[in-house]
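Student: what's the 3D shape of this:
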Amino acid sequence: MERVAVLTERSTRIRQARKLTRRAGREKAGLFLAEGGQAVSEAVAASGPTRQQATRPAASRGDEQRVVEIFATPAAHRRHAAIVEAAERAGIDVHLADDAALAELSETVTPQGIVAVCRPESASLADVLGPPQAPEPTSATLVPVLVEAQDPGNVGTVIRCADAAGADAVLLTAGSADPYGGKAVRASVGSVFHLPIVSGVEVVEAIDQLRSAGLTVLAADGAGAWDLDDADAAGVLSAPVAWLFGNEARGLPDAVRRAADYVVRVPIYGQAESLNLATASAVCLYATARAQRR
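Tutor: Numbers count the residues shown, from 1 in each chain. As a prediction, this is how the structure comes out:
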């Protein structure tokens, strides 16, 4: 019986993958890590060329896929046999590695024993909205924009909520947390593989392009003149909408609120002072999705 090599923490592959636990390493390599059975399963299911690669001639794409390779401990390899089989059918290399090696790739207290090295879904505003001044309106109808959101858990949760609500993309302005950092990927629970994510956009440019593409721009703010019920009754939510969600501590800058078409608050019926970013985004996105599907 052929003996299968088990990688250790000193392996070159492990050392290279370890660099992806830092934002600078991810940006330099153009890769990120997805940890855990759910995230790896979603990554494998989404495997194939990224949208950007798919628009290029096949000869120039090579065999690039969303998942570059997978590392798993022997125990996780057995536990996630279905994921391993799906990866191998897709032509993705699955490497056995010991517990210490997987711990090097994990940012959790209790590593789950399986990690995928993945390519992000590169997207631009033009990919989501079409080129500026395009003769045909965009097909996008729901787009959340995170303005300097700095908690990666919140970023991942908003991506998950956007995916669940059927949003077309998620935009993150410059100064926001990396959506491909470990905590954000885990909080997205695989949704990071389901829809385009545009990072590093300038908020003024994003607002201008969203409005030019036919979306009404709503700023979510507790001091808004309208609440969600008002916006719904006025028919605003049933039209194509972009939501602006601000920083966890500071909210939205005054200039950003002024640039929006409407400033809208989530109604508070009890005694809570406010809702956090992730919860408020879920309420706003679902209220819009429901109005658009009536």
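Student: so A34, which of the three states?
Tutor: strand (DSSP: H, G, I helix; E, B strand; the rest coil).
Student: can you give me the helices for the stretch 101-250 of the chain?
Tutor: Taking DSSP state H, counting those that start in this stretch, the helices of the stretch 101-250 of the chain run over residues 125-129, 152-164, 182-188, 203-212, 228-233.
Student: Pipe the ones you listed into JSON lines and attach distance to G251 per row.
Tutor: Any C-beta I mention is one placed from the backbone N, CA and C, and that applies to glycine too. Putting the helices of the stretch 101-250 of the chain into JSON lines (distance: least, CB to CB, whole Å) gives the following:
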{"stretch": "helix 125-129", "distance to G251": "23"}
{"stretch": "helix 152-164", "distance to G251": "13"}
{"stretch": "helix 182-188", "distance to G251": "20"}
{"stretch": "helix 203-212", "distance to G251": "13"}
{"stretch": "helix 228-233", "distance to G251": "17"}
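Student: Mind telling me which of the ones you listed the model trusts least?
Tutor: Among the helices of the stretch 101-250 of the chain, helix 125-129 has the lowest mean pLDDT, at a mean of 90.
Student: Tell me which other helices or strands that helix touches.
Tutor: Helix 125-129 makes packing contacts with strand 197-201, helix 203-212 when contacts are defined by 3 or more CB pairs under 8 Å, 6 or more residues apart in numbering; DSSP states H and E.
Student: Go through the chain and flag its longest helix.
Tutor: Longest helix of the chain, by residue count under DSSP state H: helix 277-292.
Student: which parts of that one are buried?
Tutor: Buried positions in helix 277-292, judged by neighbour count with 16 or more other CB atoms under 10 Å: 277-278, 280-282, 284-285, 287-289, 291-292.
Student: Closest to L210 out of those?
Tutor: L210 has its nearest neighbour among those in T288, at 13.8 Å by CB to CB.
Student: any idea how far that closest one lies from V236?
Tutor: Relative to V236, T288 is positioned 9 Å away (CB to CB, to the nearest Å).
Student: cool, A81 as well?
Tutor: As judged by CB to CB, A81 and V236 stand 49 Å apart.
Student: A282 too?
Tutor: With distances taken as CB to CB, A282 is found 19 Å from V236.
Student: what's the answer for D208, then?
Tutor: For D208, the distance to V236 equals 19 Å [CB to CB].
Student: do the same with D151
Tutor: D151 is 28 Å from V236, where distance means CB to CB.
Student: Closest one of the buried residues of helix 277-292 to V109?
Tutor: Nearest to V109 among the buried residues of helix 277-292 is A278, at 21.7 Å by CB to CB.
Student: where's the longest helix of the chain relative to the chain centroid, distance-wise?
Tutor: Distance of helix 277-292 from its chain centroid, counting by CA atoms, centre = their mean, to the nearest Å, is 17 Å.
Student: now it: mean pLDDT?
Tutor: If you average the pLDDT over helix 277-292, you get 97.
Student: and A223, what pLDDT?
Tutor: If you check A223, the pLDDT there is 89.
Student: how deep is it tucked in, by neighbour count?
Tutor: Neighbour count for A223, taken as other CB atoms under 10 Å: 8.
Student: who's in contact with it?
Tutor: Each residue near A223 by CB atoms under 8 Å, 6 or more residues apart in numbering is listed here: 263, 265.
Student: Distance of it relative to V264?
Tutor: Using CB to CB, we find A223 at a distance of 10 Å from V264.
Student: Of the helices of the stretch 101-250 of the chain, which is nearest H194?
Tutor: Using CB to CB, the nearest of the helices of the stretch 101-250 of the chain to H194 is helix 152-164, at 4.8 Å.
Student: what is the mean pLDDT for stretch 108-122?
Tutor: Rounded mean pLDDT across stretch 108-122 is 92.
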